[in-house]
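Participant: quick check, what structure comes out for this input:
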Amino acid sequence: MKTAYITHPSSQRHEMGAHHPECPDRVAAIADRLLMRGVLDLMDAFEAPRATLEQVGRAHDTRYLLELQALSPAEGYVSVDPDTSMNPHTFEAALHAAGASVLGAELVLRQGYRRVFCNVRPPGHHAGRAGASGFCFFNNVAVGIRHALDVLGLERVALIDFDVHHGNGSEDIFAGDERVLMVSTFQTRLYPFVGEEPTGANLCNVPLKPYSDGEALRTAVREQWLPALQAFSPQMLFVSAGFDAHREDDMSHLMWRDEDYAWVSREIVAFADDCCDGRIVSTLEGGYHLGALARSAELHVRALIGLD
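Facilitator: Model prediction:
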């Protein structure tokens, strides 16, 4: 089975200031772990292309894209919300992060790959049609999904999001789009403080109470995700892979362990194998404790490529 790993050097150049949790070390920690454990040796490596404004514009308003481009500073930082800022490299990094999902779709649907993991940043699932927020500028998975639908001809795509924060940007983009089913888990009473009341019939949002553990995740997947996914019968899966529900990550109050990420990843793979010829593109979202992030991402990738 052909599997791919996509990244880009610009992911290391975008940063939002000293001590910001969404830092370049995140992608480095994952890459180092995958290399040290021999996982990268089993994958074909690709450099993420720069997404075109046309590609990004399938998920975002053109006016927003142009305004964000105009904001890009020549030096220093420009804030776009209280927690999200741009440095001189941010716009390019965001285009390459979105381009990773586009390339992932191309590899799966045109070049015979079955699994793709995109180790890129900035993350994307808080970016809505017309705005950046929550460390996110372009919604990477949304750009990839719209490419798969509008350019590559798919009719049904599912988005699975297990980040601890609700993917409000993805919901904003896909609510009411009958070609897309979004299933997600997230912690209640946590940024962005929405999601418990879905805004579209194509959304399966499963809020989890603070301090709940992996058993709550298993219940959500078995009782809500899988029935919705089976009824929808997608032709391909995209995954917003956030690793910040880990008990060691102080950005949240869920109590997941390494093995919970391994379990949910295996469930995603098993469903894809049964339903859509194993087609999965997974893209990094959150995860801010570097050790827990690296370990959990390794287990996720191992499941994607069939090592466990």
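
Participant: please enumerate the strands of the protein.
Facilitator: 3-7, 44-47, 78-81, 84-86, 115-118, 157-161, 180-187, 203-208, 237-241, 280-284 (DSSP state E).

Participant: tell me the buried residues in the helix ranked longest in the chain?
Facilitator: Taking DSSP state H as the criterion, the chain has its longest helix at helix 90-110. For helix 90-110, the neighbour count (16 or more other C-beta atoms under 10 Å) marks 90-91, 93-109 as buried. No exception for glycine: its C-beta is placed from N, CA and C like everyone else's.

Participant: stretch 154-171 too?
Facilitator: Those would be 154, 157-171, for stretch 154-171 by 16+ other C-beta under 10 Å.

Participant: of all those, which comes closest to residue 224?
Facilitator: The closest of those to residue 224 turns out to be residue 160 (C-beta to C-beta; 11.9 Å).

Participant: which one is the closest one nearest to, not counting chain neighbours?
Facilitator: Distance criterion C-beta to C-beta, 6 or more residues apart in numbering; nearest residue to residue 160, sequence neighbours excluded, is residue 239 at 4.9 Å.

Participant: I'd say the one you found and residue 158 touch.
Facilitator: No: if you go by C-beta atoms under 8 Å, residue 239 and residue 158 don't touch, sitting 9.3 Å apart.

Participant: the helices in the stretch 101-250 of the chain, which residues?
Facilitator: Using DSSP state H, counting those that start in this stretch, the helices of the stretch 101-250 of the chain run over 140-150, 168-174, 214-220, 226-232.

Participant: looking at the ones you listed, which one is packed in the most?
Facilitator: helix 140-150 (a mean of 28; mean count of other C-beta atoms under 10 Å).

Participant: residues in contact with the nearest residue to residue 186 once chain neighbours are set aside?
Facilitator: Excluding the flanking residues, the one nearest residue 186 by C-beta to C-beta, 6+ apart is residue 166, at 4.0 Å. Residues near residue 166 by C-beta atoms under 8 Å, 6 or more residues apart in numbering: 184, 186, 190, 192, 194-195, 205, 207.

Participant: cool, and residue 25?
Facilitator: residue 290 are the contacts of residue 25 under C-beta under 8 Å, 6+ apart.

Participant: what do you get for the one 3 residues further on?
Facilitator: The neighbours of residue 28, taking C-beta under 8 Å, 6+ apart as the test, are residue 12.

Participant: from the structure, what's the count of residues near residue 122?
Facilitator: Neighbour count of residue 122, defined by other C-beta atoms under 10 Å: 29.

Participant: before we move on, the earlier item: how about the residue nearest to residue 186, phi and psi?
Facilitator: Main-chain dihedrals, residue 166, degrees, to the nearest 10: phi -60, psi 140.

Participant: and the nearest residue to residue 113 once chain neighbours are set aside, what pLDDT?
Facilitator: Leaving aside its chain neighbours, residue 113 sits nearest to residue 107 (4.1 Å; criterion: C-beta to C-beta, 6+ apart). Here, the pLDDT recorded for residue 107 equals 98.

Participant: contact partners for residue 66?
Facilitator: Contacts of residue 66 (C-beta under 8 Å, 6+ apart): none.

Participant: from residue 53, how far off is it?
Facilitator: As for residue 66, its distance to residue 53 is 8 Å (criterion: C-beta to C-beta, to the nearest Å).

Participant: before we move on, what about residue 298?
Facilitator: 34 Å.

Participant: rewinding a little: in CSV: the helices of the stretch 101-250 of the chain, plus mean pLDDT.
Facilitator: Shown next, in CSV, are these (pLDDT from 0 to 100):
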stretch, mean pLDDT
helix 140-150, 98
helix 168-174, 98
helix 214-220, 98
helix 226-232, 98
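
Participant: turn the contacts of residue 166 into JSON lines, columns for distance to residue 29 and neighbour count.
Facilitator: Shown next, in JSON lines, are the contacts of residue 166 (distance: C-beta to C-beta, whole Å; neighbours: other C-beta atoms under 10 Å):
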{"residue": "184", "distance to residue 29": "24", "neighbour count": "27"}
{"residue": "186", "distance to residue 29": "23", "neighbour count": "26"}
{"residue": "190", "distance to residue 29": "23", "neighbour count": "19"}
{"residue": "192", "distance to residue 29": "25", "neighbour count": "16"}
{"residue": "194", "distance to residue 29": "30", "neighbour count": "14"}
{"residue": "195", "distance to residue 29": "28", "neighbour count": "23"}
{"residue": "205", "distance to residue 29": "29", "neighbour count": "21"}
{"residue": "207", "distance to residue 29": "29", "neighbour count": "17"}
